[in-house]
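J.: this one's sequence-less:
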């Protein structure tokens, strides 16, 4: 009867923590997990302005140098094969143990997401070169003004492909004002990439532990 149980929330925004306190819970752990990056859809549809100059350049270079095919359906087994190849291509040797653990968790979660795709409304884009998958992305509407890039994996040998996917997704979700790509999970290189996409806002996301007072 005297035991105190700690409940963990993965993951909470600042206002969620404030709400827990207002509801009478005691916060015993609050660790920064990462930043949630918010982008404006219209910016990625138009790709206008000096801040998108390098993005336009790298996307146009990819489109000019490669003969590719854009698809909207794909074999689940082939997607998983590609994901396993993608996982092997990642060099985590210089990453922290925390980043390695988050990477493993994220990869396992992405495999699980594939099981849910037939049950949740979503959109997907796949790109092939010479009948070989080089990247894919899955995304969905979350609110009337926000859509989420749930998953994206690309062959790193094709420069510009990742940003090309964001342009294609924005076109598909045109009319929904904002989108998010998730956190950088304390990975500096991933944070650098997300910053290069020109976020309009960043929101801290926390891992929170709480108990009954």
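T.: Yep, it's here. Remember, it's a predicted structure, so these values are computed and weren't measured experimentally.

J.: List the strands paired with the longest strand seen in the chain, with their directions.
T.: Scanning the chain for the longest strand, with DSSP state E as the assignment, gives strand 25-40. Paired neighbours of strand 25-40 in the sheet (DSSP bridges): strand 178-180 (antiparallel), strand 201-212 (antiparallel).

J.: Give me the distance between the closest residue to residue 184 other than its chain neighbours and residue 182.
T.: Setting aside the residues directly before and after it, residue 184 is nearest to residue 191 in space (C-beta to C-beta, 6 or more residues apart in numbering), at 3.7 Å. Every C-beta, even on glycine, is put in place using the N, C-alpha and C of the backbone. Plainly put, residue 191 is 12 Å away from residue 182 if you go by C-beta to C-beta, to the nearest Å.

J.: Any buried residues in stretch 204-213, and which?
T.: For stretch 204-213, a neighbour-count test (16 or more other C-beta atoms under 10 Å) marks 205, 206, 208, 209, 210 as buried.

J.: So residue 165 sits against residue 135, correct?
T.: Yes - between residue 165 and residue 135 there is a contact at 6.5 Å, judged by C-beta atoms under 8 Å.

J.: hang on, the earlier thing: quick one: average confidence on the longest strand of the chain?
T.: Average pLDDT, strand 25-40: 92.

J.: Over to stretch 83-97?
T.: Mean predicted confidence for stretch 83-97 is 77.

J.: can you list residues touching both of residue 165 and residue 135?
T.: Counting by C-beta atoms under 8 Å, 6 or more residues apart in numbering, the common neighbours of residue 165 and residue 135 are 127, 152, 154.

J.: for the last one, what are its contacts?
T.: Pointing back at residue 154 there. 86, 134, 135, 136, 161, 162, 165.

J.: Model confidence for it, exactly?
T.: pLDDT, residue 154: 94.

J.: what's the answer for the first one, then?
T.: With respect to pLDDT, residue 127 scores 98.

J.: check which helix or strand covers it.
T.: strand 123-129 (DSSP states H and E).

J.: Relative to that strand, what are the paired strands and their orientations?
T.: Here, using DSSP bridges, strand 123-129 pairs with strand 69-71 (antiparallel), strand 132-143 (antiparallel).
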